[in-house]
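Student: Build the 3D model from these lines:
(4 chains)
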4 protein chains.
Amino acid sequence: MSTDSQQSIPIRAGIVGASGYTGAELLRLLAGHPLIELVVATGDSMAGTPIADLYPSLALAYGDRRFDAYSPDLVDGLDLVFCGLPHGVSMGIIPEIQSRVGKVIDLGSDFRLNDAALYPEWYNAEHSCPELLEQSVYGLPELYRSEIANADLIAATGCNAATAILTLAPLLDAGIIEPDPIIVNLISGVSGAGRPPKPNTTFCTVDENVEAYGLLTHRHTPEIEQALSLVSETDVSVLFTPHLVPTNRGLLATCYGRPTRSTNTTEVLAVMSEFYAEEPFVLVSDRSPSTKAVAGSNAVHLTGRVDERTGQVMGIGVLDNLMKGASGMAVQCANIAFGFPETTGLSVVGVYP
Amino acid sequence: MSTDSQQSIPIRAGIVGASGYTGAELLRLLAGHPLIELVVATGDSMAGTPIADLYPSLALAYGDRRFDAYSPDLVDGLDLVFCGLPHGVSMGIIPEIQSRVGKVIDLGSDFRLNDAALYPEWYNAEHSCPELLEQSVYGLPELYRSEIANADLIAATGCNAATAILTLAPLLDAGIIEPDPIIVNLISGVSGAGRPPKPNTTFCTVDENVEAYGLLTHRHTPEIEQALSLVSETDVSVLFTPHLVPTNRGLLATCYGRPTRSTNTTEVLAVMSEFYAEEPFVLVSDRSPSTKAVAGSNAVHLTGRVDERTGQVMGIGVLDNLMKGASGMAVQCANIAFGFPETTGLSVVGVYP
Amino acid sequence: MSTDSQQSIPIRAGIVGASGYTGAELLRLLAGHPLIELVVATGDSMAGTPIADLYPSLALAYGDRRFDAYSPDLVDGLDLVFCGLPHGVSMGIIPEIQSRVGKVIDLGSDFRLNDAALYPEWYNAEHSCPELLEQSVYGLPELYRSEIANADLIAATGCNAATAILTLAPLLDAGIIEPDPIIVNLISGVSGAGRPPKPNTTFCTVDENVEAYGLLTHRHTPEIEQALSLVSETDVSVLFTPHLVPTNRGLLATCYGRPTRSTNTTEVLAVMSEFYAEEPFVLVSDRSPSTKAVAGSNAVHLTGRVDERTGQVMGIGVLDNLMKGASGMAVQCANIAFGFPETTGLSVVGVYP
Amino acid sequence: MSTDSQQSIPIRAGIVGASGYTGAELLRLLAGHPLIELVVATGDSMAGTPIADLYPSLALAYGDRRFDAYSPDLVDGLDLVFCGLPHGVSMGIIPEIQSRVGKVIDLGSDFRLNDAALYPEWYNAEHSCPELLEQSVYGLPELYRSEIANADLIAATGCNAATAILTLAPLLDAGIIEPDPIIVNLISGVSGAGRPPKPNTTFCTVDENVEAYGLLTHRHTPEIEQALSLVSETDVSVLFTPHLVPTNRGLLATCYGRPTRSTNTTEVLAVMSEFYAEEPFVLVSDRSPSTKAVAGSNAVHLTGRVDERTGQVMGIGVLDNLMKGASGMAVQCANIAFGFPETTGLSVVGVYP
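Tutor: Prediction:
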């Protein structure tokens, strides 16, 4: 245990906002995590409801346990709180939580952007505690492992951003592609839209359908640009276009950039492989990645190509939006932050078929 | 009837290669077409099998009728033959058919490319009757209506190509985007892969999966480039990347190009609307098109955007690959070629949800 | 025209409650019906919204047309009104409509049961106009064609009930199975649950899931029992158990009864075939019926078996819940009621695959 | 370690027939099983192919490892062999394996039936080593835990049979339902049909479809009857009707029987709960079970109802066919047979949504 000599194992953790899909995925992961004990799981709209009624998948693990109603006292003294609240809600409650617990990992977008001015631009609202943005560490271990190890507030990377950033970071780091413009064409399953029923996520709307959404204005754009700009040490601009398809889980990003110099597929694959050589959750190969191969796991599969005919570099990446794109990433960050082996409680094997 | 004063209505037609999905879709359409009588339906691997055993959906329309085994005599004297054979097979049989029937509409790729040299490059085989390539008309009514009206050999546009071409043609025609490079990111349902079982089209492989295929080398690339080069009167180069998702029908192309000059979304939408102003099957709107909206219909839905942040023009188009991407397009071509009202037997309304 | 010498063709029709899925399916069918002109389409919650915004599949057929807000004046003088309102709402408005129009076809359940006492028992509410129950004709042409021809108020059969009744009626009519108990195990797609988002019909809830619902108490039970009791001229009791599976459309009923006497599969198939010998939309065969074969069509496919090992008779039937289970059935009833050819505007061919 | 004092931990195991879906699921489970080391994985048709090429989901766990070609030497001296071969193949090879290894767990159907005469009746072939049928133990821990603990040859229960047996056993054990006839109406995902492509398991065939198969003659019928007859100590006869629906995993059995005496839902639930009170993988509740809740886990969810209107008892059960219906069940049997904690390497939490 590098971080805190007084900590007893298992550490004591809570989930604030446990009734959504990322919360349920945390409940699933923590049921099998030997070093983290879940002591609190709040879900205000579901307070008092048995967890098993909302998620029968958790019935044998959680028995008669019910969602709690949040109160500051409930989390007081915990070693760790995962926060699975909607955008705009996290920033209102995390200062209060932070003063009572060891570490906070936020799965929402409220603490991901360094520049407070981007919130009104992309989220239509001022940030209520911009001073915390400086303190917050971006929860992407492949880029920020050492910062995460020492952070008290971690903003776990969003699912869309994680896919795009992990695919493109090696290419920008190596200076193989131009930083501007980069096209990120993303194909997404539905669970990223969350549990509450909405007109655009009913079965009959989504099934047998393919549709782009958020054209030109998707909120995850600045998160991608921020991380990639830091990697490339110059301003990166991204045209990000997500498409909804009928799968539960899974994101696939097909990314296009112009090469800065003569290159080829072999070099691109080598650059990607080397960048992630020590990473336990990242696989680079020449196979075209499939979302199904990573479903239920914390794995990321990547490939790259250079099209000499049209002068384009392509990178393709997949991950499970609820795992490496949310709750799995958050647990990976927790493992790092508490000095546990990084893969504890996280599988690299997809549930296939 | 503009084309042939001796023709009696309904015309007498055959399908050679009726047992595949495009053949079955033709059987569906012709069951409801008042001006075309289907007199022959061959399917060599299924010869003697009742149509209803292979396609129970056709049982009430076709009763005990069985697939025929092809022979030249069987089609002799027909007004029209639709050819639904695999690539490489059509070119072997169409010369024989052509000498016996009025008009031939090929749904395969054997007669789509004008330049015979492209076949060995993209299809790994020499063309066996290159002299017919000159005679063949590309079956895309929105670009070649008058040529189709007078053609004896029509090569109906392929599904992937139709989606890309119809989305991009107005932008290239108007000179709004650079011809090189253009990125076509396509998302495709499974029925385009045909009826025969293959490892990559089993339910368990495709369901809950998203995966790109044919990276850099997909055979429909030259077809797209040929048609767009003709529209733009300069060489167009396209990076075409299809992705397979778990839907039966439907193609969505998200196309990216650099603007040649200052432009905006309003202008792009106006250019697209004007280009298709008289087209019965094409809808241009500012809504993001969905494949489900066109399922089972011959409709094409399009939109466009200009991203001023990154300097990119986007066009998005959807169609049903078995309809406007194959059999519906073929029937539309037949209607034109025989002087029928162009929408005869073709619906513009999708079967939703 | 048998029914009304003053009627001009096309007749003038309205849809009250056009914004739900059965309403949208009526809009689809009427767009292609040569003898019915749609002059009014109301949808109170969507009043003023362009039809194409809610259903882009209808965009090319309906252009800029918007949903109307219902008022009695709007339907005044129409030849026909289809009513697609939720249970309990129809009974409040249909008396008002009936006084203003020629004929009313209700797609809801408010006028299906003959015995008003069943409404409080199964629907938890008294019927507000029980006197109309006597006048109402059950809209199942295969059993009540002549009554439909002369009816002014037709209660189109519900989707679950239509599947069960059409499967079992020949067996009860022939006295081959005992009337009590009959087991109806139904498997259902999701569109029957309607358009509004609900927790149990989101994509992520339904996809990759199978689940029974309404155990012992599903409201369509008395409708099935009523129709089958009339056929068998004795009290029929049915245990009806529906199961939700991830498909848009389609119902499959697997029905089990004990034989009254020695019988076999051949006899059961013969009885079913004979019963429906003249029916344009019903197919009886020894193939196991598939819901996909009837999708988008008004067809019903049936089969039967006798299991001599366990002494059970099985009947299996499939239909498209929005077509033969709702809007297609309603149009078929309209065709009969106005003396049109019964199949006008209705396809027997499924959209496959 | 109760069974064998010389055994070292982890035990050394092999999979013969590892390239099919049950083999792949064993590979997934064993990658995370701390007490079983996989030393051999054969797949004759795939011998020499990297595991990751066939199953990219396993890439990070198995690296460059390839499928072996089977030879007796390869398994010689192993503590345990899992056999995932097709029906009819297992019986030809297991005698040879048995002589070389400690214990064999067969996932196929070759050693499940006690009475050799049933093989020609239901499988159209004589059994080649009927003497082993006596020695083989039926691998259903909830009924045969102590026998499994001491067995050298375990025939893991089939997926369909496991669902039906686990649902019905408590009711027959308690004498609440008549043993003849019992109706088992099963709804099944596609992965049970295996990996090789077949006409009836392509995506376009299965997607948006519901269809019954194996009417009256499904081979798993005698397995269900055998186990339930042993439980009830009288001859049980079952009409088993499976239906294929578009999900990857999951089985749901809706079972119907006549009560032997007056009973009600409360009693039925109590009987089921008590029967499984000590079982780690079985949940009995009054919720209607959903297949999705158990996906990826070894859990079984059950409920029961009594319909007093029609005089029927219903039991409903769900499990994941590749887990509790195959590979998870096999690992559970292995845990028992080697004296490991029974839940080692097996999750009770479904991957949801």
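Student: ok, residue A:264 - contacts?
Tutor: A:306, A:308 (Cβ atoms under 8 Å, 6 or more residues apart in numbering or on different chains). The way it works is simple: take the backbone N, C-alpha and C, and place the C-beta from them, glycine included.
Student: Can you give me the distance of it to chain D?
Tutor: 23 Å (Cβ to the nearest Cβ, to the nearest Å).
Student: give the contact list for residue A:110.
Tutor: Residue A:110 neighbours (Cβ under 8 Å, 6+ apart): A:87-91, A:94, A:127, A:155.
Student: Could you say which helix or strand holds it?
Tutor: For residue A:110, there is no host helix or strand (DSSP states H and E).
Student: and residue A:33, how many neighbours?
Tutor: Residues lying near residue A:33 (other Cβ atoms under 10 Å in any protein chain shown) number 21.
Student: oh sorry, the question was meant for residue A:35
Tutor: So residue A:35, with other Cβ under 10 Å, has 17 neighbours.
Student: Who are the contact partners of residue A:164?
Tutor: A:184, A:186, A:224, A:228, A:238, A:240, A:253, A:255, A:317.
Student: ok, and what's touching the one helix or strand residue A:266 maps to?
Tutor: Taking DSSP H and E as the criterion, residue A:266 maps to helix A:265-275. By Cβ under 8 Å, 6+ apart, the residues outside helix A:265-275 that reach it are A:169-171, A:173-174, A:176, A:284-286, A:302-306, A:313, A:315.
Student: Quick check, the residue in the stretch 151-300 of chain A closest to chain D?
Tutor: Closest residue of the stretch 151-300 of chain A to chain D, Cβ to the nearest Cβ: residue A:293 (3.8 Å).
Student: In contact with the closest residue to that residue other than its chain neighbours, which residues?
Tutor: In space, and not counting its chain neighbours, residue A:293 is closest to residue D:56: 3.8 Å by Cβ to Cβ, 6 or more residues apart in numbering or on different chains. By Cβ under 8 Å, 6+ apart, the residues touching residue D:56 are A:287, A:289-290, A:293, A:301, A:350.
Student: the domain parsing of chain A - what is it?
Tutor: Taking automatic domain parsing as the criterion, chain A consists of the domains A:11-155+A:325-337, A:160-321.
Student: Can you lay out those domains as TSV showing mean pLDDT?
Tutor: Below are those laid out as TSV (pLDDT from 0 to 100):
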stretch	mean pLDDT
domain A:11-155+A:325-337	97
domain A:160-321	97
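Student: Go through the ones you listed and pick out the most buried.
Tutor: Mean neighbour counts were taken over the domains of chain A using mean count of other Cβ atoms under 10 Å in any protein chain shown, and the top value, a mean of 22, falls to domain A:160-321.
Student: so what's residue A:321 up against?
Tutor: So residue A:321 contacts A:159-160, A:188-189, A:191-192, A:249-251 (Cβ under 8 Å, 6+ apart).
Student: at 7 Å what do you get?
Tutor: Residue A:321 makes contact with A:159, A:189, A:191-192, A:249-251, according to Cβ atoms under 7 Å, 6 or more residues apart in numbering or on different chains.
Student: same question, residue A:249
Tutor: Counting by Cβ under 7 Å, 6+ apart, residue A:249 has contacts A:189, A:191, A:295, A:320-322.
Student: Please apply the same query to residue A:276.
Tutor: A:142, A:282, A:284.
Student: now those in a markdown table, with distance to chain D and secondary structure?
Tutor: Below are the contacts of residue A:276 laid out as a markdown table (distance: Cβ to the nearest Cβ, whole Å; DSSP: H, G, I helix; E, B strand; the rest coil):
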| residue | distance to chain D | secondary structure |
| --- | --- | --- |
| A:142 | 14 | helix |
| A:282 | 8 | strand |
| A:284 | 10 | strand |
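Student: Looking at the residues you listed, spot the one nearest residue A:76.
Tutor: Checking the contacts of residue A:276 against residue A:76 with Cβ to Cβ, the nearest one is residue A:142 at 33.4 Å.
Student: how close does the closest one get to residue A:296?
Tutor: 20 Å (Cβ to Cβ, to the nearest Å).
Student: do residue A:155 as well
Tutor: Distance from residue A:155 to residue A:296, by Cβ to Cβ: 24 Å.
Student: Could you export the contacts of residue D:56 as TSV, including distance to residue A:180 and secondary structure?
Tutor: Listed next are the contacts of residue D:56 as TSV, based on distance: Cβ to Cβ, whole Å; DSSP: H, G, I helix; E, B strand; the rest coil:
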residue	distance to residue A:180	secondary structure
A:287	30	coil
A:289	25	coil
A:290	30	strand
A:293	32	helix
A:301	27	strand
A:350	35	coil
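Student: now those in TSV, with distance to residue D:114?
Tutor: Shown next, in TSV, are the contacts of residue D:56 (distance: Cβ to Cβ, whole Å):
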residue	distance to residue D:114
A:287	46
A:289	47
A:290	43
A:293	41
A:301	46
A:350	38
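Student: Out of those residues, the closest to chain B would be?
Tutor: Among the contacts of residue D:56, and counting by Cβ to the nearest Cβ, the member closest to chain B is residue A:290, at 4.1 Å.
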